[in-house]
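J.: Here is the input, now give the coordinates:
(chains A and B, ligands or ions: 2)
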Amino acid sequence: MQDDRTILKAVEVTKDFPIEGGILPVLKGVNLDVHKGEILAIAGKSGVGKSTLLHILGMLDVPSSGSVVYDGSDLAKLSTAGRAEVRSRHFGFIFQFYHLLPEFNAIENVLMPAMIGTGMLKWFAVRGAMRKRARMLLEKAGLGERLRHRPSQLSGGERQRVAIARALMNEPKILFCDEPTGNLDSKTSAEIVEMIWGLNRESGLTTIIVTHDESIAKKATRTARMVDGKMVQQSSG
Amino acid sequence: MYRFAIALRYLRSRKITYLSVIGVAVGVAALIIVMAVMEGFEEDFKDRIRGMLSDVVVRYRGEKSFEEVEKSILSVEHVTAAAPRLRGMALVMGPGGRGAVEIVGIDVSKEVRVSKLAEYIINSRVTGMAKDLAQAIEALEMHFSFRTAELARLGLLPGKAGERLKPLHESLREVKSRLSKEGSPDLIGGQIRDAEQCFKTWLGDTSSAIAAPDARSALSGLEEGMETFFRARRAEFEETRRRAEADLARFESGGGFDSPFNEPLEGRELVMGEELLPHLRVARGDRVRLYTAGSKGLSSVEDEEDLAKSEFTVAGTFRSRMYKSDSKIVFMPIRTAQILQAKEGMISEIGVKVDDQRNAEAVKRAIKEVLPGADAQTWAEKRRSLIAAINLEKGFLSAVLFMIIVVAAFNMLGTFVMMVTEKTRDLGILKSLGGSTAGIASIFFLCGVFVATAGSAIGAAAGLLFVDNINEIEGAVHSLTGITPFPRDVYYLDSIPTIVNPADVFWIVFPTVAVSVLLGSVFPAIKAAMLGTEHALRYE
Ligand SMILES: Nc1ncnc2c1ncn2[C@@H]1O[C@H](COP(=O)(O)OP(=O)(O)OP(=O)(O)O)[C@@H](O)[C@H]1O
Ligand SMILES: [Mg+2]
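T.: Ligands and ions are numbered 1, 2, ... in the order given. Now for the predicted structure:
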């Protein structure tokens, strides 16, 4: 079933983790379609394998079997360097614990994906433009005054906004969010959620969001529910 | 690009990496300093060996006469002079002792052009003067002591004479010890000035401490005596210097000596290593007896006439700074040596001077060609085992010192392995931002490159700076602790010799960077590449 709207697709994805005295099957054959321009929520109990699935979809990890198809091509066939290339040019990530680089300030963190994605020589040519874009993204996130702050000098909500700005730096096609509000109070959560939904409204950014929070899941275009390593239900809005 | 930025940021934010940099720097500096000093000593040592030998030594056993042989040697390109020598053994007897010596029959006017004999004779004279000067200063000091004691006894000087004299003795000790070291004309001139200053300062201090007019006049008497003394020393020094310079000039134009014993090595005169003088208890101008296996002297000691014939005048001494030569070698005219050993018309070798050291090897080969049956050796070949020993020592020492760098590399290894573990999550983040495994791993490789190059650069700069100021540093250590790191009289040297060889610096820095990068950062980079980072992103 190849759907026009499908941008990313998981086919019979399994994932086993080696543990002491055997293996632990976490994903047991997951099928999932992600449509262009939608916000797809992935819900499920803790420990069911949501993060594992997100990492596999985002090519931070490889499935034990099954395949992930992005834009019509099977990602399992790519080399590690090729997968890094896809992450760099097409994917953006936001995590529960922000995961900013502690030694770098806000604007440097936002610039990092651009630096990684640009060759050394070319970097000196595009640096000015990139700095401008990073500053614009941070200003849009309401952090115009915090450009030179280190992560340790920022609040949780501010850190997450820096992380969102960073995820948008290379103009990704898909935004992967792993419980982006899991560590924030309800007011800050609401702001972050509003930011993510705003992006989707403005530019139609395809977003996959793993969440515990039913109210967030309800706002999504569709919600996929996981039980015992399988998708049990994909419901709209 | 991001790798450089991250590597630099990681290093800068960790003080412990400075330790690694210092470790590498210390190793590089130590190697550079030790190599420069060893090279300096080696060069000086080779110079001493060569000075007694000449650049190339030819042995010839054939039909041709010396004149013919000399002519063919001089016809070789790059050869500037040649001098015949006849070597033999002899027993020398003086009033105070006897000793086995090597007698070397030479043609002085030729010998001074192939070896450094002329310079060595002058060195000996100047050093002799330095020793005389030290003794004379001691005598003057004694005179001062007696007069001071007298004044104190008469109650004209307050305090104890011993206390009062202490500063004088102390300031002079330094001057005297410097005079007992290697003598050069400039050094002696300076020491005369310094010694005079010591006396003057002391006189000034003492006269301002006393009021009695009697004592004052006694002191001014002392001062006059002192001034006369130093005037005479200075004149003597100028005379010696003038004569030394005249001698050198004359040697260069092929002439003889202008010593109290004009034209030495005429007939029964000889020049001996200066260490032989105290051993035989003789001085220049004294007579010694010489016995050789071939001379009649040995067979008929009873014969008064023969005994007289075996007597030689010590016309001069030389100082080559090689103890073995200075205590074992006696030069005499080659004619005399031939008669003494019943080797009429024979020579044992020909010393050859080459225009440039680097041509010695070529000259050696050319001589073998023009003189079939001749055996030619460069000075270095003649002293092969000594030079090999020096090289072995150098190699061994650099290997030991290189261990400092190996240790520094292990220090780097520890630091970076810790850093990889500590930064696992950062590595996961970088992957999520599009970094490839290889790219992320190379961050740690770059860390190693930075530490190694920074350490090498700092170490090289520090080492070169140290070498440049090594004598000042030695002086500072001496004046702070009283230890003499470099006893000049032991080494026969005025200052620590150093040679910085750019190739050496390269061969220190390049392996240092290579080894510390390979040892210190390749493994952490591999570890970073193998690390599973997926897990690190799930938790805080
Ligand atoms: N590297 C690993 N080795 C072994 N087991 C692992 C590993 N990573 C994850 N697991 C296990 O896989 C299961 C799924 O983990 P995952 O983090 O995907 O759950 P999750 O649904 O995201 O839970 P949460 O909502 O608490 O974040 C867990 O039981 C976890 O212990
Ligand atoms: Mg999770």
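
J.: CA only for contacts and neighbour counts going forward, please
T.: Will do.

J.: mind saving the C-alpha coords of stretch B:163-171 as CSV?
T.: The C-alpha coordinates for stretch B:163-171 follow below in CSV (Å, rounded to 0.1, in the frame of the first residue of the first chain):
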residue,chain,number,x,y,z
GLU,B,163,86.1,39.4,60.7
ARG,B,164,87.3,42.5,58.8
LEU,B,165,89.1,40.4,56.2
LYS,B,166,86.3,38.1,55.5
PRO,B,167,84.7,40.1,52.6
LEU,B,168,88.0,40.4,50.9
HIS,B,169,88.7,36.7,51.0
GLU,B,170,85.2,35.9,49.9
SER,B,171,85.2,38.3,46.9
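
J.: Which positions in chain A make contact with chain B?
T.: Contact residues (C-alpha under 8 Å from any C-alpha of the partner chain) of chain A with chain B: A:51, A:55, A:60-61, A:80-81, A:84-89, A:92-93, A:95-97, A:99-101, A:103-104, A:112-113, A:115-120, A:123, A:167.

J.: Separate out the buried members of those residues.
T.: A:51, A:55, A:60-61, A:84-89, A:92-93, A:95-97, A:99-101, A:103-104, A:112-113, A:115-118, A:123, A:167 (16 or more other C-alpha atoms under 10 Å in any protein chain shown).

J.: from the stretch 301-450 of chain B, which residue is nearest to chain A?
T.: Closest residue of the stretch 301-450 of chain B to chain A, C-alpha to the nearest C-alpha: residue B:434 (3.7 Å).

J.: which residues sit in contact with the residue lying closest to that residue once chain neighbours are set aside?
T.: Counting by C-alpha to C-alpha, 6 or more residues apart in numbering or on different chains, the nearest residue to residue B:434 once its immediate chain neighbours are dropped is residue A:88, at 3.7 Å. For residue A:88, the contact set (C-alpha atoms under 8 Å, 6 or more residues apart in numbering or on different chains) comprises A:113, A:116-117, A:170, B:432-435.

J.: so which of the residues you listed also contact ligand 1?
T.: Among these, no residue is within reach of ligand 1 (C-alpha under 6 Å from any ligand atom).

J.: Can you tell me the SS state at residue B:91?
T.: strand (DSSP: H, G, I helix; E, B strand; the rest coil).

J.: can you dump the C-alpha coordinates of the lengthiest helix in chain A into PDB?
T.: Longest helix of chain A, by residue count under DSSP state H: helix A:120-140. Output of helix A:120-140 as PDB, limited to C-alpha atoms (Å, rounded to 0.1, in the frame of the first residue of the first chain):
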ATOM      1  CA  MET A 120      35.200  23.000   6.100                       C
ATOM      2  CA  LEU A 121      36.000  25.300   3.200                       C
ATOM      3  CA  LYS A 122      32.400  26.100   2.400                       C
ATOM      4  CA  TRP A 123      31.700  26.900   6.000                       C
ATOM      5  CA  PHE A 124      33.800  30.000   5.900                       C
ATOM      6  CA  ALA A 125      31.800  31.200   2.900                       C
ATOM      7  CA  VAL A 126      28.400  30.600   4.400                       C
ATOM      8  CA  ARG A 127      29.100  31.300   8.100                       C
ATOM      9  CA  GLY A 128      27.700  34.800   8.100                       C
ATOM     10  CA  ALA A 129      24.400  33.700   6.500                       C
ATOM     11  CA  MET A 130      24.200  30.800   8.900                       C
ATOM     12  CA  ARG A 131      24.700  33.000  12.000                       C
ATOM     13  CA  LYS A 132      22.000  35.200  10.700                       C
ATOM     14  CA  ARG A 133      19.600  32.300  10.400                       C
ATOM     15  CA  ALA A 134      20.500  31.000  13.800                       C
ATOM     16  CA  ARG A 135      19.900  34.300  15.300                       C
ATOM     17  CA  MET A 136      16.600  34.600  13.500                       C
ATOM     18  CA  LEU A 137      15.500  31.200  14.800                       C
ATOM     19  CA  LEU A 138      16.400  32.000  18.300                       C
ATOM     20  CA  GLU A 139      14.600  35.400  18.100                       C
ATOM     21  CA  LYS A 140      11.600  33.600  16.800                       C
END
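
J.: Report the mean confidence score over it.
T.: Taken as a whole, helix A:120-140 carries a mean pLDDT of 93.

J.: How about the residues of chain A by ligand 1?
T.: A:17, A:19, A:26, A:46-52.

J.: how about the strands in the stretch 301-450 of chain B?
T.: B:311-318, B:329-333, B:349-354, B:374-378 (DSSP state E, counting those that start in this stretch).

J.: Contacts made by the first one with the rest, please.
T.: Spelled out, that is strand B:311-318. B:117, B:120-125, B:261, B:264-265, B:268-274, B:283-290, B:326.

J.: any idea of the angle it forms with strand B:329-333?
T.: 120 degrees (axes from the mean of the first three to the mean of the last three C-alpha atoms, to 10 degrees).
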